[in-house]
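Enquirer: Sequence first, then the predicted structure:
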Amino acid sequence: MLDKRTRFSEKLGMNAEVKKSPHIAVVMPCYRAAGSAAGVVAAIGADVTTIIAVDDGCPDKTGDALTASCKDDRLIVLHHAENKGVGAAMVTGYREALTRGADIVVKIDSDGQMDPALVPRLIKPIVEGRADYTKGNRFFHPEDVSAMPGARLFGNAVLSLFAKVSSGYWPILDPNNGFTAIEAKVLSHLPLDRIAPRYFFESDMLFRLGALRAVVQDVPMTARYDGETSSLSVMGSILPFLFGHMKNTIKRVAYSYFLRDFNMGTLELLLGVPLFMMGFTIGVLYWLESAVSGVPATAGSVMLAGLPVIVGAFFILSFVNYDVQNVPRIALHPLLDRRDKAS
């Protein structure tokens with residue numbers, strides 16, 4: 001009879017004699033989920049080796065409820081004395097997973113909106129060496145989008161654009177999707193202490209992965225909306241998230257185009273921004289002068305302001321095109337040695 005890992009290898013389309021099935025750890029941050037967390041644990045397949053639930057100072061004692069109701073030997077329940085945020089809960093879970101020798105670490109939320117049966121599909125690109133980090137994408141099938149509340153759909157579209165700019169992963173969608181998987185060697189190279197502790201966590205993970213040049217891949221999924229209440233207001237998060245993305249964009253561009261490398265994108269940026277700003281400033285000054293004096297600006301003045309704006313905009317667009325083409329495409333984890341980041 002085939003054992004669990006052999007069956008899982010076949011499920012992934014691999015030869016079990018050639019590739020050993022990975023040690024998969026699921027990390028489940030818990031907050032106000034006493035009514036749903038046990039059902040999520042029960043739905044996690046036998047292919048998962050370790051389940052780590054992190055009670056993030058939950059007022060309804062989700063961790064205690066899991067300990068009392070779940071007899072699954074794979075389950076480990078950790079507690080935060082006070083609420084620190086979903087990102088901090090994930091960092092605690094990540095460290096525990098690394099300590100226990102996990103090869104791939106999957107994040108599943110405790111609210112029941114993610115189907116644990118999709119774990120094999122989520123980790124397949126990592127197992128096959130095509131990606132270092134995978135995440136769910138609820139926007140792949142147009143017919144699935146209609147199930148998403150309108151405000152959440154609009155907010156996610158705006159946040160997706162912000163995340164593309166700040167992370168450099170232009171092909172990705174649904175950046176705040178919490179259904180993710182990461183290869184352990186890549187995880188061990190991330191600065192876990194610096195990752196955003198609250199709801200900016202998923203976006204900040206993309207920024208940190210971009211700094212490593214890790215390959216990120218979307219995996220189509222369908223979310224389940226059955227009346228669960230989210231602690232996150234997507235519309236209310238746009239401005240705080242915008243600030244975080246702006247900060248990460250500046251750091252990413254400085255690191256990728258000035259500290260780590262100096263390339264055509266760097267030159268396009270160095271030429272484009274000063275020219276655009278110079279033309280814009282000259283144009284504003286001429287407009288103010290014309291408004292005060294009542295004398296229309298001459299054709300030469302218009303050209304003096306307009307030409308730098310046009311050329312600068314061309315270089316900026318060329319930089320954006322270069323950045324889009326500069327997305328990492330070769331998986332990083334086969335080249336890395338594992339570092340112990342659990343301490």
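Expert: Nice, thanks for sending it over. Numbering: from 1, shown residues only.
Enquirer: what ranges do the helices span in the stretch 1-150 of the chain?
Expert: Assigned helices in the stretch 1-150 of the chain, in chain order: 4-11, 37-43, 62-69, 86-99, 119-127, 142-145, 150-167 (criterion: DSSP state H, counting those that start in this stretch).
Enquirer: which one of those has the lowest average pLDDT?
Expert: Between the helices of the stretch 1-150 of the chain, the one with the least mean pLDDT is helix 4-11; it has a mean of 54.
Enquirer: Quickly list the domain ranges of this structure.
Expert: Per the record, the chain has its domains at 4-257, 262-325, by automatic domain parsing.
Enquirer: Deepest-packed of those, please.
Expert: Among the domains of the chain, judged by mean count of other CB atoms under 10 Å, the one packed with the most neighbours on average is domain 4-257 (a mean of 19). Where C-beta positions appear, they are placed from N, C-alpha and C, glycine not excepted.
Enquirer: Run the chain-centre distance for that one.
Expert: Domain 4-257 sits 8 Å away from the centroid of its parent chain (CA atoms, centre = their mean, to the nearest Å).
Enquirer: for stretch 248-267, same thing?
Expert: Between the mean C-alpha position of stretch 248-267 and that of its chain there is a distance of 20 Å (CA atoms, centre = their mean).
Enquirer: One more: stretch 304-317?
Expert: Taking mean C-alpha positions (CA atoms, centre = their mean), stretch 304-317 and its chain are 33 Å apart.
Enquirer: Val40 touches Val119, doesn't it?
Expert: No: using CB atoms under 8 Å, Val40 is not in contact with Val119, being 11.7 Å away.
Enquirer: Touching both of the two, which residues are there?
Expert: Between them, Val40 and Val119 share these contacting residues under CB atoms under 8 Å, 6 or more residues apart in numbering: Ile108.
Enquirer: mean pLDDT lowest for which of the domains of the chain?
Expert: Taking the average pLDDT of each of these, the minimum falls on domain 4-257, with a mean of 88.
Enquirer: can you give me the strands for the chain?
Expert: Across the chain, reading from the start of the chain, the strands by DSSP state E fall at 24-30, 50-56, 75-80, 104-107, 133-137, 180-183, 216-220.
Enquirer: Throw those strands into TSV and include distance to Glu268, thanks.
Expert: Shown next, in TSV, are these (distance: least, CB to CB, whole Å):
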stretch	distance to Glu268
strand 24-30	41
strand 50-56	44
strand 75-80	46
strand 104-107	37
strand 133-137	28
strand 180-183	32
strand 216-220	24
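Enquirer: closest to Met114 out of those?
Expert: The closest of these to Met114 is strand 133-137. By CB to CB, the value is 7.2 Å.
Enquirer: packing partners for the closest one?
Expert: If you count contacts as 3 or more CB pairs under 8 Å, 6 or more residues apart in numbering; DSSP states H and E, strand 133-137 packs onto helix 119-127, strand 180-183, helix 201-212, strand 216-220.
Enquirer: Apply 10 Å and report the result again.
Expert: Using 3 or more CB pairs under 10 Å, 6 or more residues apart in numbering; DSSP states H and E as the contact criterion, the secondary-structure elements in contact with strand 133-137 are strand 104-107, helix 119-127, strand 180-183, helix 201-212, strand 216-220.
Enquirer: just the angle between that strand and helix 119-127, please?
Expert: Using axes from the mean of the first three to the mean of the last three CA atoms, to 10 degrees, one finds that strand 133-137 and helix 119-127 are set 140 degrees apart in direction.
Enquirer: List the pairing partners of strand 133-137 within its sheet, with orientation.
Expert: strand 180-183 (antiparallel), strand 216-220 (parallel) (DSSP bridges).
Enquirer: Save these as TSV, and put in distance to Ala46 too.
Expert: Listed next are the strands paired with strand 133-137 as TSV, based on distance: least, CB to CB, whole Å:
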stretch	distance to Ala46
strand 180-183	17
strand 216-220	21
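Enquirer: quick one: which of those strands is nearest Lys251?
Expert: The stretch from those with the least distance to Lys251 (CB to CB) is strand 216-220; that distance is 17.7 Å.
Enquirer: show me the contacts for Ala102.
Expert: For Ala102, the residues meeting the contact criterion (CB atoms under 10 Å, 6 or more residues apart in numbering) are 22-27, 48-50, 52, 94, 96, 182-184, 187.
Enquirer: Now render the helices and strands packed on strand 133-137 as JSON lines, adding distance to Gln113.
Expert: Putting the helices and strands packed on strand 133-137 into JSON lines (distance: least, CB to CB, whole Å) gives the following:
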{"stretch": "strand 104-107", "distance to Gln113": "12"}
{"stretch": "helix 119-127", "distance to Gln113": "14"}
{"stretch": "strand 180-183", "distance to Gln113": "14"}
{"stretch": "helix 201-212", "distance to Gln113": "14"}
{"stretch": "strand 216-220", "distance to Gln113": "15"}
